[in-house]
Structures are given as structure tokens and as C-alpha cells.
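>>> need a 3D model of the following:
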Amino acid sequence: MKAYVFPGQGSQFTGMGRDLYESDPKVKELFEKANEILGYRITDIMFEGSADDLRQTKVTQPAVFLHSVAEALTIKDFKPDMVAGHSLGEFSALVASGAIAFEDGLKLVYARAMAMQRACEMRPSTMAAVINLPDEKVEEVCRGFKDVVPANYNCPGQLVISGPVDEIQEACKAMKVAGAKRALPLPVGGGFHSPLMEPARQELAEAIEKTQFHTPICPVYQNVDALPHTSPAEIKENLLKQLTSPVKWTQTVMNMTKDGATEYAELGPGAVLEGLIKKCNPDAIF
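Numbers count the residues shown, from 1 in each chain. Predicted coordinates:
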């Protein structure tokens, strides 16, 4: 069985999507439609913008989403057995699987990006990667802090934590004392996938409630519980929880493998997920 996976924020690069735009009329049409919906030419920034330009909140998330959906569009007779996306990538997975329309997905992604930016401005927060420490130990250390939580279960030995800037700095020290090989703050704008994103969740909830969800063409393994879903109501509910809940990517890969996935394809810029999946399942084929 084959699983298609979609990356999240951080995989963007200058020139992303240009080859698809120039070689496939369907992709060009999709990209131009995105420019129209967003009200600015995101394609110009994707193709020619600097790394700093691409890091802008209003650019990064829709750019990665657009690139990922475009790659799915180029696959003839796209019939995945299962799909999943890491954080932002879940929106790409939902569009690719037919659970939501492209236009709705793009509008939600843009609304999500702006809501997250506003939440970050309300309280300075950040994330940190903890390397070579068992998940259970990371969770234990987090419990010693008021607002530090596990945010991304990326693969065995790599867990990202979220929280206020000052607490994350102290938590990194505590992780090293507990035996972590490394614990380093990440260059991100806020403490994503944590209760600190509650204002953003409330803001995005209104947009999600207005969006029409459909039965996808295959199971969608969602971040909040790492389980397969085909019910539009369940998919919608899980998407509402996503901003304030950890991304259970390790568990997702384990469950997809258990359910028969042997081959994976990463659709979108970069190959971050390929590396993570290989660490979860060394026998995975790409």
C-alpha cells in the first residue's frame, strides 16, 4: 500500500514550484487562481523571493500548501491508499484527498497563518528541538514547567517542545541535565501546537465551521490522534483541535505502517518527512 505525505512549514525554498508552473498548464492555472484568492502574487515570491521573504507568515504557509497540492495535481490517476500531513501539511492532505476544495483549503491556510501570527504577538513564545531523549522523559521534564508542552513527535529521539521564551530556555537546560544530546531553541515565530495558540484556534474555528467538508477518497491520518479518518465530521473536529494539540507524527507513521503502508511519497518542497519516516520505519520505500 502507498501513503502520500505532505510537509509543513520550514520546507520552503526560493524557486519552489517554478518547474511545475512552467511545465504543466493545470499547475499554472492553479497557481494563478491562488494569486487571485490571496490578493497578491505569491508565485513571484515563491519563484524570486529571498529566504526572508519566504519566511513571512502570510507567504510561508500558503506557499508550502500550494506547492504540495500542485504536485498531487500532476500525478495521473492519483489514488492514494492513505494520506497524512505534518502540521500545515494536513491541509494539503485534506485537499489532495478531496475532503475540502482547493479554494477553501487555501483560504483556511491563509487564515491560519494570520491567526497564528496574531497569537504569537500576544505572548512571546517559541519552540525547541530535543534530541536523543525518550519521549516519556521529555514529557516528564515538561511537566516541571507551567506552560511547556510536547508539540511535535517527529520521530524516535526527536521531539519538539513549545512554550514561553523564558520557560523554553530553562526547559532546554533541564532536558540536557536529563540526558538529551541536544536541546536547542528553533528559529520560529512562536510556540505552535500548544495551549498558547488558543486565541488562534478560536479565530480559525469560525472559518473551519463555515467550510464544507466531504468524504475523502482514502483515510486521512490526522495529527491530533494519529488515526485514520474518513468521516467529514470527525475530520473537521480534529482539524479544530490541531493548533493547540501536539503533532503525533511518530505515531502516525507507526499506525500507517501497521495498517499496511510499505511505500511512501512526499509531495511538496524538500524531503524532511522522508528522513523522519525512515527513522520511524527503516524499511519504508520511497
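>>> SS state for Glu22?
With DSSP: H, G, I helix; E, B strand; the rest coil as the basis, Glu22 sits in helix.
>>> repeat that for the one 4 residues further on.
Of the three states, Lys26 takes helix under three-state DSSP.
>>> let me see the contact set for it.
73-74 (CB atoms under 8 Å, 6 or more residues apart in numbering). All C-beta spots, glycine's among them, are computed from the backbone N, C-alpha and C.
>>> Leu133 versus that one, what's the distance?
45 Å (CB to CB, to the nearest Å).
>>> can you pull the contacts of Glu198?
By CB under 8 Å, 6+ apart, the contact set of Glu198 is 119, 244.
>>> what about it, distance to Phe192?
Glu198 is 12 Å from Phe192, where distance means CB to CB.
>>> likewise Ala265?
26 Å.
>>> in this structure His214 contacts Pro232, no?
Yes: using CB atoms under 8 Å, His214 is in contact with Pro232, at 6.0 Å.
>>> name the nearest residue to Ser50, sequence neighbours excluded.
Of all residues beyond its chain neighbours, the one nearest Ser50 is Thr14 (6.7 Å), with distances taken as CB to CB, 6 or more residues apart in numbering.
>>> are we agreed that the one you found is in a helix?
No: according to three-state DSSP, Thr14 belongs to no helix; its state is coil.
>>> number of residues surrounding it?
Neighbours of Thr14 under the rule other CB atoms under 10 Å: 14.
>>> so what's it up against?
46-51, 54.
>>> mind listing what Gln117 touches?
By CB under 8 Å, 6+ apart, the residues touching Gln117 are 57-58, 189.
>>> could you do Ala51 as well?
Contact partners of Ala51, counting by CB under 8 Å, 6+ apart, are 13-14.
>>> any idea how far it is from Asp77?
36 Å.
>>> where does Leu159 land in three-state SS?
Relying on three-state DSSP, one would call Leu159 strand.
>>> measure it to Phe213 for me?
In terms of CB to CB, Leu159 sits 30 Å off from Phe213.
>>> who has more neighbours, the two?
Between Leu159 and Phe213, Leu159 has the larger neighbour count (other CB under 10 Å), namely 27 against 19.
>>> would you map out the domains in the protein?
Split into domains by automatic domain parsing, the chain comes to 2-121+194-280, 125-185.
>>> now the first one: mean pLDDT?
Read it as domain 2-121+194-280. Taken as a whole, domain 2-121+194-280 has an average pLDDT of 96.
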